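> sequence first, predicted coordinates after that:
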Amino acid sequence: MKFLYQYINDFRAGDSEAQKLLADILEQTQLSYNIFVNANAIDGLDIFVERYNWLGNSANKQMYDFNQNLLRNLTAALMQDYLINLVIQLCQSYPKLDVFTEVRIPFGTYPIWESGEVYFKTPSERSDIAVGYLIEQGKIKLSDDPYPRQPFYKLKKTQTVLPLATINSKIRISQSEFFDWLGRGQLMNRGNPHCLSVQIALRKEMDLTIVEASQANKKFFLLGDGGEKNVIPNRAELQRFIQAFTEHLTERMDKPTVKLASQKDNSVTERQLEIDFESE
């Protein structure tokens with residue numbers, strides 16, 4: 001997959017004057033949510049969706065010289081770029097965490113029996129976005145660079161990722177794509193029990209009853225309402241994702257706290273937390 005910055009560079013290096021103008025427009029859009037120039041990605045949702053609708057306009061496609069196939073890939077790159085900046089912003093309280101995009105994330109290591117022998121296998125998938133720790137030669141490698149840091153776009157052969165969260169993004173989500181993510185997400189959680197696996201879509205081409213029926217509503221987020229060319233930002237869904245994501249980071253990154261009760265009330269005390277199972 002090509003990233004948005006690569007499309008911008010290619011448009012500027014090409015012979016089409018129209019696409020050079022398009023590169024400037026895309027760069028201006030990126031600046032509205034770019035965490036590295038102190039923009040607020042949360043506030044940038046409206047501009048991202050506005051640019052998506054603008055790219056789908058037939059007159060703009062003709063004026064700026066891009067076809068339907070390029071449009072499909074370009075809007076996907078735009079959405080992924082927006083989400084990368086959003087996730088980096090949400091990780092501000094945990095600067096040790098790294099963000100990865102389009103790198104292979106292990107589903108975990110599993111003992112596989114073959115002809116009486118046991119082999120340990122580590123299947124993986126190329127995730128749109130992942131958050132976690134970089135593992136190099138079997139050890140966690142923390143960066144000395146300050147926050148915010150650029151995401152990892154590729155890994156060395158000696159490197160892998162210990163994921164705390166993975167995000168699958170879709171411009172247009174279908175029922176088959178939803179079930180594909182659901183199955184992969186379950187395998188990711190099985191091998192990485194503390195990994196939050198979510199799917200974020202901009203618009204739908206499926207019955208959302210499926211999401212409720214599969215009990216996946218807490219991990220599925222639809223950032224827009226409406227159809228192609230007229231998507232309306234759904235800020236409530238964005239806030240729902242932000243809450244789910246930040247609560248997960250807090251749960252897994254902060255030290256647990258136990259509020260000790262005074263002797264004057266009936267709440268649980270530290271001594272009561274030490275349960276003696278043999279006495280039952």
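Structure's in. What do you need?
> confidence-wise, which helix or strand of the chain is lowest on average?
Within the chain, confidence by mean pLDDT, DSSP states H and E is lowest for helix 270-273 among all helices and strands, at a mean of 45.
> and stretch 58-70, how far from the chain's centre?
From the chain centre to the centre of stretch 58-70 is a distance of 28 Å (CA atoms, centre = their mean, to the nearest Å).
> first to last residue in it, what's the distance?
13 Å (CA to CA, to the nearest Å).
> quick check, Asp128 in a helix?
No: counting by DSSP: H, G, I helix; E, B strand; the rest coil, Asp128 is not found in a helix; it is strand.
> so how many other residues sit close to it?
For Asp128, the count of nearby residues is 22 (other CB atoms under 10 Å). The way it works is simple: take the backbone N, C-alpha and C, and place the C-beta from them, glycine included.
> for Leu83, same thing?
22.
> now for it: which residues touch it?
By CB atoms under 8 Å, 6 or more residues apart in numbering, the contact list for Leu83 reads Asp128, Ile129, Ile167, Ser169, Ile200.
> repeat that for 7 Å
By CB atoms under 7 Å, 6 or more residues apart in numbering, Leu83 lies in contact with Ile129, Ile167, Ser169, Ile200.
> quick one, phi/psi of it?
Main-chain torsions, Leu83, degrees, to the nearest 10: phi -70, psi -40.
> how close does it sit to Gly227?
21 Å (CB to CB, to the nearest Å).
> cool, Gln62 as well?
Counting by CB to CB, the gap from Gln62 to Gly227 is 21 Å.
> try Tyr7
For Tyr7, the distance to Gly227 - CB to CB - is 24 Å.
> then Lys219?
24 Å.
> and for Glu17?
Taken as CB to CB, the span from Glu17 to Gly227 is 32 Å.
> ok, the residue most central in space within the chain - contacts?
Residue closest to the average C-alpha location in the chain (CA atoms, centre = their mean): Ile167, at 3.0 Å. Shown in contact with Ile167 (CB under 7 Å, 6+ apart): Leu83, Val87, Asp128, Ile129, Val198, Ile200.
> closest one of these to Lys156?
Ile129 (19.5 Å; CB to CB).
> for the closest one, give the beta-bridge partners.
Legend: beta-bridge partners of Ile129 under DSSP bridges are Thr101, Ile167.
> and what of the one 10 residues further on?
The bridge-partner assignment for Lys139, based on DSSP bridges, gives Glu136.
> what's the burial count for it?
When neighbours are counted by other CB under 10 Å, Lys139 comes out with 9.
> sorry, back to before: may I see the contacts of Leu83 arranged in a markdown table, with pLDDT and distance to Asn189 as well?
Below are those laid out as a markdown table (pLDDT from 0 to 100; distance: CB to CB, whole Å):
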| residue | pLDDT | distance to Asn189 |
| --- | --- | --- |
| Ile129 | 98 | 16 |
| Ile167 | 98 | 14 |
| Ser169 | 97 | 18 |
| Ile200 | 98 | 17 |
